[in-house]
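Asks: build me a model:
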Amino acid sequence: MSNIIGIDLGTSTTLLAHLSNSGEPRIYKNKDNEDLTESAVWFENENKVVIGSIAKQMQGVAEDDKLFIEYKRDMGDPSVVHTVYGKEWRPRNFSALVLKQIKEQFENNSGKIDAVIITIPANFTDEARVDTINAAKDAGFNLGDDALVNEPTAAAIYYVSTSPTKLRGKYLVYDFGGGTFDATILDVDGDDIRVLTSMGVQRLGGKDFDEKLSELIAQKYTEKTNKPFTKLADFQLTKWDIELKKKILSTRDKVNISLRGGDGILNIEITRNEFNEAISTLITQAEIAVDTALSRAKINARDLSGVFLAGGSTLVPAVSQSVEKHLGIKPISRDPVGSVALGACMYAAIKNKSKLSGAAAIAIASKKVEDVTPHYFGVTFRERSTGRLRVETIIPKDRPAPCKEKKIFARGVSQGDSVHIQITQSPNEQNDPDFVTMIWTGELEGLPLVDNDTEIEVEYSYDSNGVMECNILDKLSGKRLIVNPLNKSSSQSSSPSTGGKVNIKDYTIE
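Replies: Residues are numbered from 1 along each chain as shown. You can find the predicted model right below:
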C-alpha cells in the first residue's frame with residue numbers, strides 16, 4: 001500500500017492525514033500523540049528549533065525575534081524578512097521547518113511518502129502559492145504536478161465523501177480558520193465536485209478573535225482600576241492563555257481570568273455575550289464574503305442544499321449561529337478541524353489513482369474534482385488614444401482550472417527594440433493599474449525595429465496548483481519570454497519572493 005497523505009498547513013495548527021488500506025483518510029498523530037501540531041516555531045538557540053505546543057506556550061516568554069507563529073499570513077510577501085541569529089528568514093522558511101518535522105515523524109514510523117497534497121487558502125495569491133510549493137520542496141517533499149489544493153475544496157471532498165447519502169445540488173463551504181476565511185460555492189453531483197467560485201478574507205480568523213478577547217480583558221481591567229492596561233505579559237498572561245479562555249467560552253457562558261500584576265491578583269469575568277459582541281464585526285466580514293460568493297455564483301441562499309463548516313473558528317457558537325441566521329440553513333459540522341486535512345488526503349488519492357490498489361482504489365475510483373481560478377490575471381498595455389496605462393484581463397476569475405488563454409497586442413515603432421511586461425493579479429476585475437498587484441515585471445528585449453505594427457502574443461497558463469505561467473512571443477522575430485515563478489529564467493528582471501538565505505538542513509528540529 002502506498003503512503004498517500006494530505007497536510008493542512010494552517011496559520012494556527014498543522015494536521016497530517018494518511019489514507020488507510022480501505023481508502024479512508026485518518027488523522028495521523030504527531031510525536032506528542034496530538035492530532036494537531038501547533039504551527040509555532042521557536043529558536044531555542046542558534047542551531048535548535050522547537051516546533052509545536054512547547055513553542056506556542058513560549059508566547060510572552062521567549063524573545064519576539066526568536067518565536068514565530070502567524071507567519072502564514074505573510075506568505076508570498078517578499079518584504080517580510082526576519083533576522084534570527086544573523087540569518088534572514090522569510091515566512092516560507094518557517095513553513096518549511098514545520099513541514100520537515102511532520103514529514104520526518106511520519107516517515108520514521110510509516111515509511112516513505114509516495115504522494116502528498118498540501119492545502120492553502122482559496123484566496124492565496126500566486127506568490128503565496130509558489131512560496132508554499134517551495135517550502136515543501138525545502139522540507140524534502142518530492143512533489144508531483146498536483147501539490148496544492150484549496151482548503152475549502154479539500155473540506156468539500158471530505159464532507160461529500162462521508163455523507164450517508166449521495167449529495168446533489170449547490171453547497172457552501174464556510175471555512176473559518178485560524179488566520180483566513182474562505183466562502184466557496186460548489187456544484188455537487190454524487191462523486192463529482194465542481195467549484196463555482198470562492199471569496200475570501202486573507203486576514204480574518206481565530207487570531208482576530210483572540211485579539212478581541214485581549215481587548216475585552218484590557219477594557220475590564222481599566223474599568224475596575226482606572227489604570228491603563230499595558231500588555232499581557234505584565235499580568236502573567238500569554239496568547240496561549242487567551243486562546244484557551246476563548247475555547248472555554250465556546251462551551252460555557254462565562255470565563256474567569258486572573259491578572260497577576262504589581263497590585264496583586266485581580267479577577268475579572270468575561271461573558272459569552274460580551275465576547276460575541278466584540279467579534280460581531282469580524283463575523284460580519286465573513287457574511288459579506290458569503291454574500292459576494294453567492295452573487296458571483298448567481299444564486300441565492302435559498303438555492304443552497306447545505307452548508308459545510310470547516311476550520312477551528314467555526315467551533316465558536318456565534319459563528320455557526322450567524323450562518324444559520326444569515327442564510328436560513330442549519331450548517332453541517334462534521335469534524336470541522338480535521339476536515340481539511342482529511343479531504344486533502346482524499347484529493348491526493350484522486351490525483352494518484354495509479355498508486356492505489358484493493359479497497360482504496362475502489363473507494364477513490366469514481367471521485368472527480370474541478371476547481372477554478374481565484375483571481376483575475378492580466379497584463380498592462382498603453383492606450384494609444386489616451387496614452388494611459390491600462391490592464392487587460394487574460395484569465396478571468398472562476399475559470400475552470402487548469403486553463404490557458406491568449407491575446408494579441410500590437411508592438412509599434414515607438415517601443416523600439418523591447419517590450420515592457422507587467423503581469424497583474426487582482427481579486428476583482430480592474431482596468432486601472434493602481435488597483436492591481438504587479439506579480440512580475442520585466443522586458444522582452446533584442447527585438448527588431450519596425451516601421452509598422454507587429455504582433456505580440458501573450459499566453460497565460462494556470463495550472464492545477466493555482467500557479468500562473470506567462471509566455472510572451474514576438475511573432476515577427478520569434479523571440480520568446482517565459483515567466484514561470486517555479487522555474488525562474490535569467491531573462492526575468494524581477495520575480496516573486498525567493499525565500500530566505502538559510503538551509504533548514506542545518507537545524508536540529510524538535
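Asks: OK, contacts around the residue most central in space within the chain?
Replies: What sits nearest the mean C-alpha location of the chain, by Cα atoms, centre = their mean, is P121, with 2.7 Å. Applying Cβ atoms under 8 Å, 6 or more residues apart in numbering, we find P121 in contact with N150, E151, D175, G177, T180, D182, G200, Q202. For glycine as for every other residue, the C-beta is placed from the backbone atoms N, C-alpha and C.
Asks: of those residues, closest to K246?
Replies: G177 (14.2 Å; Cβ to Cβ).
Asks: separation between that closest one and Y85?
Replies: Separation of G177 from Y85 (Cβ to Cβ, to the nearest Å) stands at 31 Å.
Asks: and for V160?
Replies: 47 Å.
Asks: likewise for N150?
Replies: 35 Å.
Asks: out of those two, which sits in the busier spot?
Replies: Using other Cβ atoms under 10 Å as the criterion, N150 and Y85 rank with N150 on top: 29 against 12.
Asks: which parts of the stretch 251-400 of the chain are helices?
Replies: For the stretch 251-400 of the chain, the helices defined by DSSP state H, counting those that start in this stretch cover 272-296, 317-327, 339-351, 358-364.
Asks: avg pLDDT for the longest one?
Replies: If I follow you right, that is helix 272-296. Averaged over helix 272-296, pLDDT sits at 97.
Asks: now it against helix 317-327, angle please.
Replies: Taking axes from the mean of the first three to the mean of the last three Cα atoms, to 10 degrees, helix 272-296 and helix 317-327 form an angle of 40 degrees between their directions.
Asks: list the buried residues for helix 272-296?
Replies: Neighbour counts over helix 272-296 (16 or more other Cβ atoms under 10 Å) mark 272, 275-276, 278-279, 282-283, 286-287, 289-294, 296 as buried.
Asks: what sits up against it?
Replies: So helix 272-296 is contacted by 172, 174, 176, 181-185, 196-201, 204, 208-209, 212-213, 215-216, 246, 249, 252-254, 300-301, 316-319, 322, 326-327, 397-398 (Cβ under 8 Å, 6+ apart).
Asks: these in strands, which ones?
Replies: Among the contacts of helix 272-296, the residues falling in strands (DSSP state E) are 172, 174, 176, 181-185, 196-201, 254.
Asks: between those, which is closest to A360?
Replies: After measuring the ones in strands among the contacts of helix 272-296 against A360 - Cβ to Cβ - the closest member comes out as T184, at 26.5 Å.
Asks: look up how far I472 lies from the closest one.
Replies: In terms of Cβ to Cβ, T184 sits 32 Å off from I472.
Asks: out of the two, which sits in the busier spot?
Replies: Taking neighbours as other Cβ under 10 Å, T184 and I472 compare with T184 leading, 31 against 22.
Asks: my read: D77 touches P91, true?
Replies: Yes - counting by Cβ atoms under 8 Å, D77 does reach P91; the two are 7.3 Å apart.
Asks: higher neighbour count, the two?
Replies: Higher neighbour count among D77 and P91: P91, with 26 against 16, using other Cβ under 10 Å.
Asks: enumerate every residue touching the more buried one.
Replies: Y71, K72, D74, M75, G76, D77, V80, D131 are the contacts of P91 under Cβ under 8 Å, 6+ apart.
Asks: out of the residues you listed, which are buried?
Replies: Y71, K72, D74, M75, G76, D77, D131.
Asks: what's the burial count for K325?
Replies: Residues near K325, counting by other Cβ under 10 Å: 10.
Asks: same question, the one 4 residues further on
Replies: For I329, the count of nearby residues is 16 (other Cβ under 10 Å).
Asks: relative to its centroid, which residue of the chain is most remote?
Replies: By Cα atoms, centre = their mean, the chain has its most distant residue from the centre at D451, 48.3 Å.
Asks: who's in contact with the residue lying closest to that residue once chain neighbours are set aside?
Replies: Distance criterion Cβ to Cβ, 6 or more residues apart in numbering; nearest residue to D451, sequence neighbours excluded, is V413 at 6.5 Å. By Cβ under 8 Å, 6+ apart, the residues touching V413 are L449, V450, D451, N452.
Asks: got a pLDDT number for V413?
Replies: 87.
Asks: for W89, name its beta-bridge partners.
Replies: Counting by DSSP bridges, W89 forms beta bridges with H82.
Asks: do C403 as well
Replies: Y462.
Asks: surely it and D463 touch.
Replies: No - using Cβ under 8 Å, C403 is not in contact with D463; the gap is 9.0 Å.
Asks: returning to that earlier point: nearest to S418, of the contacts of V413?
Replies: For these, the nearest to S418 is L449 (10.5 Å; Cβ to Cβ).
Asks: which secondary structure elements does the host helix or strand of A155 sit against?
Replies: Following DSSP states H and E, one finds A155 within helix 151-161. Packing contacts for helix 151-161, counted by 3 or more Cβ pairs under 8 Å, 6 or more residues apart in numbering; DSSP states H and E, involve strand 4-9, strand 115-120, strand 168-176, strand 181-189, strand 192-201, strand 304-310, helix 339-351, strand 368-372.
Asks: let's see it at 7 Å
Replies: strand 115-120, strand 168-176, strand 181-189, strand 192-201, strand 304-310, helix 339-351, strand 368-372 (3 or more Cβ pairs under 7 Å, 6 or more residues apart in numbering; DSSP states H and E).
Asks: need these in TSV (columns: distance to V483 and mean pLDDT).
Replies: Below are these laid out as TSV (distance: least, Cβ to Cβ, whole Å; pLDDT from 0 to 100):
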stretch	distance to V483	mean pLDDT
strand 115-120	21	97
strand 168-176	31	98
strand 181-189	27	97
strand 192-201	25	96
strand 304-310	34	98
helix 339-351	26	97
strand 368-372	22	96
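Asks: of all these, which gets the most neighbours per residue?
Replies: helix 339-351 (a mean of 30; mean count of other Cβ atoms under 10 Å).
Asks: quick check: angle from it to strand 368-372?
Replies: Using the same axes, to 10 degrees, helix 339-351 lies at 110 degrees relative to strand 368-372.
Asks: hey, C-alpha coordinates of helix 339-351 in PDB?
Replies: Taking C-alpha atoms only, helix 339-351 is exported to PDB below (Å, rounded to 0.1, in the frame of the first residue of the first chain):
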ATOM      1  CA  SER A 339     -12.000  18.000   7.500                       C
ATOM      2  CA  VAL A 340      -9.400  20.000   5.500                       C
ATOM      3  CA  ALA A 341      -6.500  17.600   6.100                       C
ATOM      4  CA  LEU A 342      -8.800  14.500   5.600                       C
ATOM      5  CA  GLY A 343     -10.100  16.000   2.300                       C
ATOM      6  CA  ALA A 344      -6.600  16.800   1.200                       C
ATOM      7  CA  CYS A 345      -5.600  13.200   1.700                       C
ATOM      8  CA  MET A 346      -8.500  12.100  -0.400                       C
ATOM      9  CA  TYR A 347      -7.600  14.600  -3.100                       C
ATOM     10  CA  ALA A 348      -4.000  13.200  -3.100                       C
ATOM     11  CA  ALA A 349      -5.500   9.800  -3.700                       C
ATOM     12  CA  ILE A 350      -7.700  11.100  -6.500                       C
ATOM     13  CA  LYS A 351      -4.700  12.700  -8.200                       C
END
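Asks: return the helix or strand in the protein with minimum mean pLDDT.
Replies: When the helices and strands of the chain are scored by mean pLDDT, DSSP states H and E, strand 508-509 comes last with a mean of 88.
Asks: partners of it, with directions?
Replies: strand 48-51 (parallel).
Asks: for the stretch 1-150 of the chain, give me the ranges with low pLDDT.
Replies: Within the stretch 1-150 of the chain, the stretches with pLDDT under 70 are 1.
Asks: and the helices in it?
Replies: 53-56, 91-110, 126-138.
Asks: between those, which one is nearest to W42?
Replies: Nearest of the helices of the stretch 1-150 of the chain (Cβ to Cβ): helix 53-56, 3.7 Å.
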